[in-house]
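*Asks:* Fold the following for me, if possible:
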Amino acid sequence: MFGKGCKADTMRVKVILNPRSGQGRAREQSGMIDALGHRYGDLDIVPTQRPGHAAELAAAAAGEGYEMVAAAGGDGTVHEVICGLVGDGDRAALPLGIIPIGSGNDLAYGLGIREKPEEAVQRVFTGTRRAIDLGRVVDDRGRSAVFHNNLGIGFDAIVVMRTETISRIQGFLMYLTAVLQTIAFYYETPYMEMTFDGQPVNQRALFLYAGVGPRGGGGFLMTPDARWDDDRIDTCLCNPVGRLTMLAMLTRVMKGTHVTSPHVTMRRNHTITARSSSPMPIYVDGEMFAYPRDNVHAITITSVPAAVEVMV
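*Replies:* Reported below is the predicted structural model:
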């Protein structure tokens, strides 16, 4: 199951654990991670205390003498850890381990890391390194962020905003509930001026979705053919459609069969730009990058090849 990896008796690993991930399951797994981790190497668990803390902890890891950082949580935790490891550059300072204890775990799923947390801890120390691409987004104010899985503008970002108000359910069911609420209460199709590797596309759109990986929201295959090793970002541009069509498309998105629909256009490019007639709600990796009140009207999305090594 495990290939040749780092030497467990010498590797120092900093585990950044989000105690709120998986409805508190991450906190319950802390003792197991600590006990099992010390069988393979030198491991320290540091819990996050606030939003953005995981990025700060990851950014400091190399200077503290660690040889790897492991994210124990969901995609939000992984996103922050990667942001901290990459910073403003194009390459992560240290390799990344993943202990998937979140609700969606889309990156782990896409990379084939689907085992129990106990086995994931072992994989951190004994797996093989795989370099994966990232995406980087820069807005018209100069703000920048990297993303390991997906980015959404428009309808899809409103869905993420709605998940912030849902607390009793998690994972795929939470996203599905938010999607249904958004279909019922939101309908905007701003005019967008876009380029895909320099090729202009100008139209009204319900949303523009960009995927480095195939799955988002714990079960939606919006860009089912996306790969982490092709230096390209897959996009799904959705035309203005009615609510009944949106509902009909929902099951197809879960299977990834929407790619043949006349209502969407699938592309694969290195650089994408988008400018909107109205402020753009934008999310990256399930976390809001820009709310409508932030008044962002233009962004550039670029592929960042082989930016981080992940233990798989």
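*Asks:* For residue 207, list each beta-bridge partner.
*Replies:* Taking DSSP bridges, one obtains residue 154, residue 238 as the residues bridged to residue 207.
*Asks:* list the contacts for residue 124?
*Replies:* Counting by CB atoms under 8 Å, 6 or more residues apart in numbering, residue 124 touches 13, 37, 40, 68, 70, 97-99, 311. C-betas here are computed from N, CA, C, even on glycine.
*Asks:* Let me fix that, I meant to ask about residue 55.
*Replies:* 80-81, 83-84.
*Asks:* now it, nearest residue through space, not along the chain?
*Replies:* In space, and not counting its chain neighbours, residue 55 is closest to residue 84: 3.7 Å by CB to CB, 6 or more residues apart in numbering.
*Asks:* for the chain, what spans make up the helices?
*Replies:* If you assign secondary structure with DSSP state H, the helices in the chain sit at 21-40, 53-61, 75-86, 106-110, 117-126, 155-163, 171-185, 243-255.
*Asks:* okay, those helices, which one's buried deepest?
*Replies:* Mean neighbour counts were compared across these using mean count of other CB atoms under 10 Å; the top stretch is helix 75-86, at a mean of 26.
*Asks:* okay, the angle between that helix and helix 53-61?
*Replies:* Taking axes from the mean of the first three to the mean of the last three CA atoms, to 10 degrees, one finds that helix 75-86 is oriented at 30 degrees with respect to helix 53-61.
*Asks:* same for helix 75-86, what does it pack against?
*Replies:* strand 12-17, helix 53-61, strand 68-73, strand 96-100, helix 106-110, strand 144-147, strand 298-311 (3 or more CB pairs under 8 Å, 6 or more residues apart in numbering; DSSP states H and E).
*Asks:* residues of the longest one that come out buried?
*Replies:* Buried residues in strand 298-311, counting neighbours by 16 or more other CB atoms under 10 Å, are found at 299-311.
*Asks:* for the first one, same thing?
*Replies:* Using 16+ other CB under 10 Å as the test for burial, strand 12-17 gives 13-17.
*Asks:* so how far is that strand off the chain centroid?
*Replies:* Centroid separation between strand 12-17 and its chain, computed with CA atoms, centre = their mean, to the nearest Å, is 20 Å.
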